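**Q** the amino acid sequence is not available; the structure is as follows:
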């Protein structure tokens, strides 16, 4: 074998895995970048709350939302609520119910590509959640009823809330719940949820490449849409919450966020950091836990200066009803395309064969024995 031929074979053997990995990343982006849209099925009125339908202006158009006044509409603090992936503004209603009871004006909206918004052409990432949350903060602060603002997000919305807080000088407090810490680990976690049989070193490298390819169409850099990087820049009070039993986004993501925020605070003397782990909490529905409601209301009342004393706000939130919405399916289409069909990332790329499952299969989703209410 000539040295030229040997060199060619080595080059081909090296290029083949890279080409396959790149193809995987492109297919992942095409399949996972567009959330299934679920228009809101409930409004605040379904729970006895007065509200105003609003439009949140952004550079790319307007986003539909609700403003829910509290405390008789008197001037006071407000909270922007940011829903998660493949969700909509009605999924924030349980949190709105206890925040309203604690005296906070609330603004909820549909992130682009979600809810009643049209589908997007380019893939949606934490960057879009953050930019839309930033616009919602501006809309909230423009209200005559609102004196100061906090941002409260769940899951992808939790990371988006972190990005918004880090980039808006008037965000007075941040609550982030069940949030992924950074894009690379988020991508790697979707591989785990899909149960792809990839050894960790290779899976980590593939996640790195896939994340780069995923973010490229909108011109994002990984570090610019990393919640872990952003939380170190936010100077105000932070509450991080997570379920200890979260199988969608493990509690290790909270630890990484808390470590980054804590390190920054020790260096610069920034605002306080609180961490609340719900011992038997899952990825969603932490609002059903009285201790979570108390912690959030007390933190926001203390950070925003009212409208009630922190103890009173905590008591009001604890007594408020905040069950999950009826018949809500908590799935991620990058892992499970639809009930009754296993549609994993590996199948996107042809890496594993399609497996039929029963209509009630939740093999790739978090299980919770508590029935919907």
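**A** Everything's here; your move. Model, not experiment: these values are computed from the prediction. Numbering: from 1, shown residues only.

**Q** identify the residue spatially nearest to the residue nearest the centre of the chain, adjacent ones excluded.
**A** Nearest to the mean C-alpha position of the chain, by C-alpha atoms, centre = their mean, lies residue 156 at 1.6 Å. Spatial nearest neighbour of residue 156, chain neighbours left out: residue 85 (4.4 Å); criterion: C-beta to C-beta, 6 or more residues apart in numbering. Every C-beta, even on glycine, is put in place using the N, C-alpha and C of the backbone.

**Q** my read: residue 244 touches residue 280, true?
**A** Yes - with contacts counted by C-beta atoms under 8 Å, residue 244 reaches residue 280, the gap being 7.0 Å.

**Q** those two: which is more packed in?
**A** Shown here are residue 244 and residue 280; by other C-beta atoms under 10 Å, residue 244 has more neighbours (13 against 10).

**Q** quick one: pLDDT of the more buried one?
**A** pLDDT recorded at residue 244 is 97.

**Q** against residue 282, how distant is it?
**A** 9 Å (C-beta to C-beta, to the nearest Å).

**Q** just give the nearest non-adjacent residue to residue 171, would you?
**A** In space, and not counting its chain neighbours, residue 171 is closest to residue 165: 4.3 Å by C-beta to C-beta, 6+ apart.

**Q** for the one you found, pull up the helix or strand it's in.
**A** Assigned by DSSP states H and E, residue 165 belongs to helix 156-167.

**Q** how about residue 311?
**A** According to DSSP H and E, residue 311 maps onto helix 310-319.

**Q** gap between that helix and the chain center?
**A** 26 Å (C-alpha atoms, centre = their mean, to the nearest Å).

**Q** for stretch 161-171, same thing?
**A** Worked out by C-alpha atoms, centre = their mean, stretch 161-171 lies 15 Å from the chain centre.

**Q** cool, stretch 117-124 as well?
**A** Chain-centre distance of stretch 117-124: 17 Å, with C-alpha atoms, centre = their mean.

**Q** may I see the buried residues of it?
**A** For stretch 117-124, the neighbour count (16 or more other C-beta atoms under 10 Å) marks 117, 120, 123, 124 as buried.

**Q** quick check: the second one touching residue 113?
**A** Pointing back at residue 120 there. Yes - using C-beta under 8 Å, residue 120 is in contact with residue 113, at 4.1 Å.

**Q** list residues touching both of the two?
**A** 34, 128 (C-beta atoms under 8 Å, 6 or more residues apart in numbering).

**Q** would you map the strands across the stretch 151-300 of the chain?
**A** Along the stretch 151-300 of the chain, the stretches classed as strands by DSSP state E, counting those that start in this stretch are 171-177, 238-243, 273-278.
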